[in-house]
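**Student:** I need the structure of the sequence given here:
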Amino acid sequence: MPVPLHTTGKASFDDIYDRPDPREYYARMSELDYRIPELAKPFFQQQIREYRASARVATPTVLDIGCSYGVNAALLRFDIGIDELAEHYRTAAAADREQLVARDRDRLAGRDQQSDVRFVGMDISSPALDYAHAAGFLHDIVHADLESADPTDEQREVLAAADLVFSTGCIGYVTEKTLLRIATAHPRRRPWMAHFVLRMFDFDPMAEELAALGYRTERMTGLYAQRRFASADERQRVLNSLSDKGIDTSGREADGWLYAHLYLSRPEPKGRA
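**Tutor:** Numbering: from 1, shown residues only. The predicted structure is shown next:
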């Protein structure tokens, strides 16, 4: 069956984000060697440590944009790799949703490695959010499309609590509209941000908008494999997009993988230009 493409040229996986639990999601992602959340995990752990030390906040709040079934929160809290997480769901083929939720909550209670961090997830998929919240991976959720509208007062209150904002694949689907609405949810305080952004997407317009709010953005060295291409059509569309931007894909996307850069954005300390 052909894999549908999003308008960005990437494969569309909309059909696996509306399931009542994440088993189909992890099965499909495993087929594509999806790995960016695992590669991102040590950087997110470092950001949490640095924020806690800098801001002297005992229990920081992390907002994960495009969190789907709470993948980043689960990896951080269980302190495992994505293959192990996928196997966790593969071994529960006979369970119903309630049993799966109970299984996740029991496991989390016994091995939460980030009990001093509060996790919030934002996504446009209500079933994915509902599962992640019910399973306990996320302490709070925001079901919103901030590309098309401002957050409600209730949503803004949740977003305003964020100390750190993470993402591992939503940039391109979301733009500076979403980032600015999150960054300004609190009237005075700006959260730190860490975004893994595919090379086919330009983060500069977002960095410029964030700079107007007092942020300094740095692109870290290195490239990070996200997943294998889902189809020949996706591969060709992405390669064409990168070629149009003058980006050399040899040894990277040309070999069959999507690659991302890491961008860190932090508000400049007061008193600095």
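**Student:** Give me the nearest residue to the residue most central in space within the chain, chain neighbours excluded.
**Tutor:** For the chain, the residue sitting closest to the mean C-alpha position, by Cα atoms, centre = their mean, is Ser167 at 3.0 Å. With sequence-adjacent residues excluded and distances taken as Cβ to Cβ, 6 or more residues apart in numbering, Ser167 is closest to Ile65, at 4.3 Å. Every C-beta, even on glycine, is put in place using the N, C-alpha and C of the backbone.
**Student:** So that neighbour versus Glu253, what's the distance?
**Tutor:** 24 Å (Cβ to Cβ, to the nearest Å).
**Student:** Equivalent analysis for Val3, please.
**Tutor:** The gap separating Val3 from Glu253 is 17 Å, by Cβ to Cβ.
**Student:** and the two? which has more neighbours close in?
**Tutor:** Neighbours were counted for Val3 and for Glu253 using other Cβ atoms under 10 Å; Glu253 has more, 24 against 14.
**Student:** what's whatever helix or strand Glu218 lives in packed up against?
**Tutor:** Element membership of Glu218, judged by DSSP states H and E, is strand 215-219. Counting contacts by 3 or more Cβ pairs under 8 Å, 6 or more residues apart in numbering; DSSP states H and E, strand 215-219 packs against helix 204-211, strand 257-267.
**Student:** partners of the last one, with directions?
**Tutor:** Translated: strand 257-267. Here strand 257-267 has these sheet partners by DSSP bridges: strand 192-198 (antiparallel), strand 215-219 (antiparallel), strand 224-228 (antiparallel).
**Student:** Return the most buried member of the ones you listed.
**Tutor:** Greatest average neighbour count among the strands paired with strand 257-267 goes to strand 192-198 (a mean of 23), per mean count of other Cβ atoms under 10 Å.
**Student:** avg pLDDT for that one?
**Tutor:** For strand 192-198, the mean per-residue pLDDT is 98.
**Student:** Identify all contacting residues around it.
**Tutor:** 10, 36, 39-40, 43-44, 47, 51, 163-169, 171-172, 179, 183, 203, 210, 215, 224, 226, 258-267 (Cβ atoms under 8 Å, 6 or more residues apart in numbering).
**Student:** same thing with stretch 39-57?
**Tutor:** Stretch 39-57 is contacted from outside by 58, 60, 62, 72, 75-76, 114, 117, 163-164, 166, 168, 192, 194, 196, 220, 224-225, 262, 264, using Cβ under 8 Å, 6+ apart.
**Student:** again, but for stretch 182-189
**Tutor:** 63, 65, 122, 146, 151, 156, 159-162, 165, 190-191, 193, 210, 213, 215.
**Student:** what bridges to Glu218?
**Tutor:** Leu264.
**Student:** and it, how far is that from Trp192?
**Tutor:** Glu218 is 12 Å from Trp192, by Cβ to Cβ.
**Student:** joint contacts of these two?
**Tutor:** With Cβ under 8 Å, 6+ apart as the test, Glu218 and Trp192 both reach Leu264, Ser265.
**Student:** would you list every one of the strands in this protein?
**Tutor:** For the chain, the strands defined by DSSP state E occupy 61-65, 118-123, 140-143, 164-167, 192-198, 215-219, 224-228, 257-267.
**Student:** And the pLDDT at the residue nearest to Ser167?
**Tutor:** The per-residue pLDDT reported for Ile65 equals 98.
**Student:** ditto for the one 3 residues further on
**Tutor:** According to the model's per-residue confidence, Ser68 sits at a pLDDT of 96.
**Student:** burial count for the nearest residue to it once chain neighbours are set aside?
**Tutor:** The spatial neighbour of Ser68 that comes closest, neighbours along the chain excluded (Cβ to Cβ, 6+ apart), is Ala128 at 4.6 Å. The number of residues packed near Ala128 is 27, by other Cβ under 10 Å.
**Student:** What's the end-to-end length of stretch 78-87?
**Tutor:** Using Cα to Cα, to the nearest Å, the end-to-end distance of stretch 78-87 comes to 13 Å.
**Student:** Only the buried residues of it, if you could.
**Tutor:** Phe78, Ile80, Ile82, Leu85, Ala86 (16 or more other Cβ atoms under 10 Å).
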